[in-house]
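In: For reference, the sequence and a predicted model appear below.
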Amino acid sequence: MAENSGIGWTDHTMNFWWGCHKVSTECQHCYIEGIMKRAGREPFNGPIRTVDWSKPFKWERQAKEQGRRFRVFTCSMSDFFEPGADRWRPEAWEVIRQCPSLDWLVLSKRPELIKDRLPADWGDGYANVWLGVTCGIASSLHWLDILKTIPARLRFVSAEPLLGPIDFRPFLDGSFQWIITGCEQAGVGKRRAMNLDWVRDIDQQCRQAGVPHFFKQRYEGGRIVHDGLLDGEVRQAWPVCPYAMNVEKEFVQ
Ligand code: SF4
């Protein structure tokens, strides 16, 4: 797990398990494949539990000492709702529960599995959990329909890898509070190109709906660039987190 994540929209990354199964076209060039193979592991043979789950408690202490909140992305090396991790997930939920100063960004490509894998005290959502779904192509929009039905304090979409134009407007009615865009990270020859006009269009949709947009990355001159610049303006915004809306008191301790 990375203590300070290289992912621009999060502070830390916590991987409760590594390894996955490919489920969609967005998975085609999944980066965990190379990382796990270099580590001598088979990436798509289901997840393996990681050993050290102590980092979130350290970040929780630091967040309290510093009077701030940290965003924690889980899982970057798997999918939090990968069914092969069912036996470890209740313990992972318990870690999340015990770290209310951390905003947990739980991003999945398996929204249809979420409802049956929520903790018993989920209610209308933990105030420190943002639930997200990947949608990089219009044919994956049905995943937003599914996530919309799941109670959550904050829902978001990651349109990475962005593989085509997408009309998110029907979902920007208060159902989703944040959109991330970004190109595919893959080797030359494999990488599927992202057209900046698709990003511009999503940016306009977000502006019109008053939804924050985080433009994570693009390729320029053969290099990946993370500055978020779109036509000379940095487009990297975050949503207001539920805790900032005075809901601490509602969190079940
Ligand atoms: S769901 Fe995520 S981690 Fe799993 S194969 Fe797809 S891209 Fe890779």
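Out: Looks like it arrived, so ask away.

In: Give the residue spans of this protein that score low on pLDDT.
Out: For the chain, the stretches with pLDDT under 70 are 1-6, 244-253.

In: Is residue 132 in a helix, a strand, or coil?
Out: When classified by DSSP: H, G, I helix; E, B strand; the rest coil, residue 132 comes out as strand.

In: Residue 123: neighbouring residues, count only.
Out: Residue 123 is flanked by 14 other residues according to other Cβ atoms under 10 Å. Where you see a C-beta, it was placed from the backbone N, CA and C, and this is true even at glycine.

In: Was I right to think it contacts residue 153?
Out: No. Using Cβ atoms under 8 Å, residue 123 is not in contact with residue 153, being 9.9 Å away.

In: what residues are up against residue 200?
Out: Shown in contact with residue 200 (Cβ atoms under 8 Å, 6 or more residues apart in numbering): 230-231.

In: is it fair to say it lies in a helix?
Out: Yes. When three-state DSSP is applied, residue 200 is found to be in a helix.

In: do you know how far it is from the ligand?
Out: 25 Å (Cβ to the nearest ligand atom, to the nearest Å).

In: For residue 158, which non-adjacent residue is spatially closest?
Out: residue 180 (4.5 Å; Cβ to Cβ, 6 or more residues apart in numbering).

In: SS state for the residue positioned nearest the centre of the chain?
Out: Computing the C-alpha centroid of the chain and ranking residues by Cα atoms, centre = their mean puts residue 107 first, at 3.5 Å. At residue 107 the chain is in strand, as set by three-state DSSP.

In: re the thing from before, from the rest of the structure, what touches the helix or strand harbouring the residue nearest to residue 158?
Out: Using DSSP states H and E, residue 180 sits in strand 178-182. The contact list for strand 178-182 (Cβ under 8 Å, 6+ apart) reads 9, 130, 132, 154-162, 168, 194, 198-199, 202-203, 205-206, 211-218, 238-239.
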